[in-house]
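Trainee: After the sequence you'll find the predicted model.
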2 protein chains.
Amino acid sequence: MRFVTAPPLLMISVEEATRLVAATIRPLSVEYLSLPLAAGRILREDLQADRDFPPFNRVAMDGIALRFGALESGQTEFRIESTQFAGQPPTPLQDLAAAVEIMTGAALPEGVDTVIRYEDLTFRTDDAGQRYATVQVLPPRRGHNVHTRAADRRQGDLLVPAGTRLEPAEVAVAATIGAATVAVTRRPRVAVVSTGDELVPITEKPAAHQIRRSNALMLQAAAWQTGAEADTFHFDDDPEALRQGLPALLSGYDAVVLSGGVSKGKADFLPETLRELGVEQIFHEVQQRPGKPFWFGQQPGGAVVFALPGNPVSTFVNFYRYARPWLLAAQQPEAPETLGTTAASGGPVAAVLTEYVQFRPRLTHFLLVRLEHGPDGRLRATPERAGGSGDMASLLTSAGFLELPPEQEQFPAGSVLPAWRFR
Amino acid sequence: MRFVTAPPLLMISVEEATRLVAATIRPLSVEYLSLPLAAGRILREDLQADRDFPPFNRVAMDGIALRFGALESGQTEFRIESTQFAGQPPTPLQDLAAAVEIMTGAALPEGVDTVIRYEDLTFRTDDAGQRYATVQVLPPRRGHNVHTRAADRRQGDLLVPAGTRLEPAEVAVAATIGAATVAVTRRPRVAVVSTGDELVPITEKPAAHQIRRSNALMLQAAAWQTGAEADTFHFDDDPEALRQGLPALLSGYDAVVLSGGVSKGKADFLPETLRELGVEQIFHEVQQRPGKPFWFGQQPGGAVVFALPGNPVSTFVNFYRYARPWLLAAQQPEAPETLGTTAASGGPVAAVLTEYVQFRPRLTHFLLVRLEHGPDGRLRATPERAGGSGDMASLLTSAGFLELPPEQEQFPAGSVLPAWRFR
């Protein structure tokens, strides 16, 4: 049994912690998936245009195709020489004074250059059954209602660079170029571990002094939101149980996220046990609240270990501040300099504080806030009245946290600060 | 073969279309899932506190627990009477001048009311092995470092109302109250149907006048993002093929989303075919660009039908404007008055236009924009230079669209307008 008294504080800053966490990232390996299954994943190859966009002079409205020059010379009535549907090979216009009735999506035939939509035409049929169209509204220019070949992109153009998430628009473009199978990052594998003898399974009724395990399920759901696979585990506050159970997790997962067991308490032997198991400690304790006891390390050749404090708000905030950006960045083709530099990589956006806030300790303060887009287009952050880092219910009504820098004590209403969103 | 000439325009407004789409919503049925599997779903029962939050006077720091009154009377050294770990039943203090060494998460024993953390203590051990702690930093108040029972919520309090999405924080709270199985909305079932003879499968090399099917995969990926199951189908431009294939979709899915076949072209028999199949037309044509030919209907007792124009930008924008909010609202416990009233329901947020825009036609204009959070906390919308509704590549660089109202032609830089996000 180890008795710990107040040690010298050698805490690192939030910025340094962020940089050290980022430095452990090695891009996850690639897998090849059929296009629908790749939706939501990070692309690991460049997608280039296999043809021009559009690949032919594409008719953009239903109507008739004709020569603009004929209109310029005063002609308004046109004999319908042929009809062309989308998907049919185009037949060149024979009589340059005639027109082709034509449908949206068709390839414009040779000899015509402009499309007049039905709404701007009248039709008549002569006794021989020949149809004629009269142009009622003149088009503004040659090429009207024609989406010109290569107007948007040229064959060989880079369309979607590696590192892009395959959202619906990227899926559409991949389909268009025939990328039926694409290279994407495999899912990160996360082991979520809760510790603490006071915790009982969620299916059990806790005794008066016990609570149910909630952090593990919370972290699992949060990991899933990054695209990761996540399994949950629980260990009692017993070094031997950890020594038995952790090695398989350290070698089988990309990241092990623990909650609890990293404070200065008598039952907090987790850092020591991790070191015994060969996990290299990268830092322990960060100049922040909540989450000062955050311990971070890496098993050589194995998982990184985010050992987060066990208070629910602390666990939650530190997951979103460090682990989520790590899981997003590890899916990118290249390791980043630091974490969370963009909202897409799990980073913050600027928000306007709506009330005066004071925070005295020289720590970075993660302040739970409600977030709303004001009618002026500004993202407004209102501090949540939370009961401290044990107040799990305060997470229900907040949407993120502001990061208040340590060198400042007073934050007037109207201050613009980084807001990390978790919903 | 039907020849359509310019019909009288009886288009409805975007607002009216939105209201009519919303009016078809009947909340989807409930299913019961184990908690991890329910993550991301919409809750269909209220979650109430089964106990107080916290359920006991919870120790918030590692250290010693003592009577604040003893400190007030000048006592600074305390004999350690016992040690209490988290998860152990609390043992009442016997000697009111002594203290309990205690760990975070433990239930505070009777007789003590205040916790002094290790950092504010020194320890000594006498010859008999008895330990004593001396308080170096006095606590500011009785109850310091104790998270008082019921401080956050009381037993019976409503924690998470029905209709809330089970994000990680809600999962944590559900776990804490022992909601191992929860009632949630089943996934919406969406059939995505592409039409058009010009379309070939993505695994095939298209002829010069053909393109690959991309809309269906795009819509499938977009439907997945609402929590729906989505299957894709393709029909040629042939009324008979539609008459054969559509009935099973109309009865087997909640929503059928079609792209193409709703314009005025000769091959656009979809509205007629749908009516023949018994689908009630609710509207056809909306005062909007892109997407004027949008057709909407409902099979009595069956699916709603979103028949979207086939140009990719038009398909995409109209899915996000109408179908996505429908799919989100149908997962709620109660049918809404209209769609997209909040960002969480797929609706817009206010954004600031960065450039002057002019749009003359008396139509609601959906303008593709890039979106960025400015350093002042404002969401800034910059028009994307798109090549019209056929320019699929413009979807790659835009993040949403502004909704420009029809009664206005000029939109100065700085205008605040509703922005519908698709990424």
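Mentor: It's in.
Trainee: The closest residue to residue A:142 other than its chain neighbours and chain B: what is the separation?
Mentor: Once flanking residues are discounted, residue A:142 sits nearest to residue A:68: 3.9 Å by CB to CB, 6 or more residues apart in numbering or on different chains. Heads up, the C-betas are built off the backbone N, CA and C, glycines and all. Plainly put, residue A:68 is 18 Å away from chain B if you go by CB to the nearest CB, to the nearest Å.
Trainee: Just give me the neighbour total for residue A:68.
Mentor: 16 (other CB atoms under 10 Å in any protein chain shown).
Trainee: Quick check: pLDDT value at it.
Mentor: Residue A:68 is assigned a predicted lDDT (pLDDT) of 97.
Trainee: Provide the backbone phi and psi angles at it.
Mentor: phi -60, psi -30 (degrees, to the nearest 10).
Trainee: pretty sure it is in contact with residue A:138, am I right?
Mentor: No - the criterion here is CB atoms under 8 Å, and residue A:68 misses it with residue A:138 at 9.7 Å.
Trainee: follow-up on the earlier one: what separation do you get for the residue nearest to residue A:142 and residue A:143?
Mentor: 7 Å (CB to CB, to the nearest Å).
Trainee: any shared contact partners between these two?
Mentor: A:113-114 (CB atoms under 8 Å, 6 or more residues apart in numbering or on different chains).
Trainee: residues touching the spatially closest residue to residue A:109 that is not a sequence neighbour, list them.
Mentor: Closest residue in space to residue A:109, ignoring its immediate chain neighbours: residue A:90 at 3.8 Å, by CB to CB, 6+ apart. Contacts for residue A:90 (CB under 8 Å, 6+ apart) come out as A:84, A:106-110, B:209.
Trainee: Weed out the non-buried ones from the residues you listed.
Mentor: Buried residues within those, counting neighbours by 16 or more other CB atoms under 10 Å in any protein chain shown: A:84, A:106-109, B:209.
Trainee: So which of those is the closest to residue B:363?
Mentor: Taking CB to CB as the measure, residue B:363 sits nearest to residue A:106 out of those, at 24.9 Å.
Trainee: In chain A, which residue is most central in space?
Mentor: Computing the C-alpha centroid of chain A and ranking residues by CA atoms, centre = their mean puts residue A:344 first, at 4.9 Å.
Trainee: Not including adjacent chain positions, what is the nearest residue to that residue?
Mentor: Leaving aside its chain neighbours, residue A:344 sits nearest to residue A:165 (7.3 Å; criterion: CB to CB, 6+ apart).
Trainee: Residue A:171 too?
Mentor: Per CB to CB, 6+ apart, closest to residue A:171 is residue B:221, 4.5 Å.
Trainee: domain ranges for chain A?
Mentor: Using automatic domain parsing, the domain parsing of chain A gives A:14-29+A:186-340, A:31-53+A:152-185, A:58-147, A:348-421.
Trainee: ranking those by burial, who's on top?
Mentor: domain A:14-29+A:186-340 (a mean of 21; mean count of other CB atoms under 10 Å in any protein chain shown).
Trainee: between the buried ones among the contacts of residue A:90, which is closest to residue A:183?
Mentor: Relative to residue A:183, the closest of the buried ones among the contacts of residue A:90 is residue B:209; by CB to CB it sits at 30.4 Å.
Trainee: coming back round to it: now the buried ones among the contacts of residue A:90 as JSON lines including secondary structure, distance to residue B:153 and pLDDT?
Mentor: JSON lines is the format used below for those (DSSP: H, G, I helix; E, B strand; the rest coil; distance: CB to CB, whole Å; pLDDT from 0 to 100):
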{"residue": "A:84", "secondary structure": "strand", "distance to residue B:153": "68", "pLDDT": "94"}
{"residue": "A:106", "secondary structure": "coil", "distance to residue B:153": "64", "pLDDT": "92"}
{"residue": "A:107", "secondary structure": "strand", "distance to residue B:153": "65", "pLDDT": "95"}
{"residue": "A:108", "secondary structure": "coil", "distance to residue B:153": "67", "pLDDT": "96"}
{"residue": "A:109", "secondary structure": "coil", "distance to residue B:153": "72", "pLDDT": "96"}
{"residue": "B:209", "secondary structure": "coil", "distance to residue B:153": "65", "pLDDT": "93"}
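Trainee: just curious, which of these is nearest to residue B:248?
Mentor: residue A:106 (30.3 Å).
Trainee: My guess is the closest one contacts residue A:85. True?
Mentor: Yes - if you go by CB under 8 Å, residue A:106 and residue A:85 touch, sitting 6.3 Å apart.
Trainee: average pLDDT for stretch A:95-105?
Mentor: 94.
Trainee: and it, does that touch chain B?
Mentor: Yes - Stretch A:95-105 lies within reach of chain B by CB under 8 Å from any CB of the partner chain, at A:101, A:103-105.
Trainee: just how off-centre is that stretch within its chain?
Mentor: Offset of stretch A:95-105 from its chain centre (CA atoms, centre = their mean, to the nearest Å): 46 Å.
Trainee: tell me how far the ends of that stretch are from each other?
Mentor: One end of stretch A:95-105 sits 23 Å from the other (CA to CA, to the nearest Å).
Trainee: hey, which helix is longest across chain A?
Mentor: In chain A, taking DSSP state H as the definition, the longest helix is helix A:239-252.
Trainee: What's the mean pLDDT across the helix or strand following that helix?
Mentor: Next in sequence after helix A:239-252, counting helices and strands by DSSP states H and E, comes strand A:255-259. For strand A:255-259, mean pLDDT is 97.
Trainee: Which strands or helices does strand A:255-259 pack on?
Mentor: Applying 3 or more CB pairs under 8 Å, 6 or more residues apart in numbering or on different chains; DSSP states H and E, one finds that strand A:255-259 makes contact with strand A:189-195, helix A:215-224, helix A:239-252, strand A:304-308.
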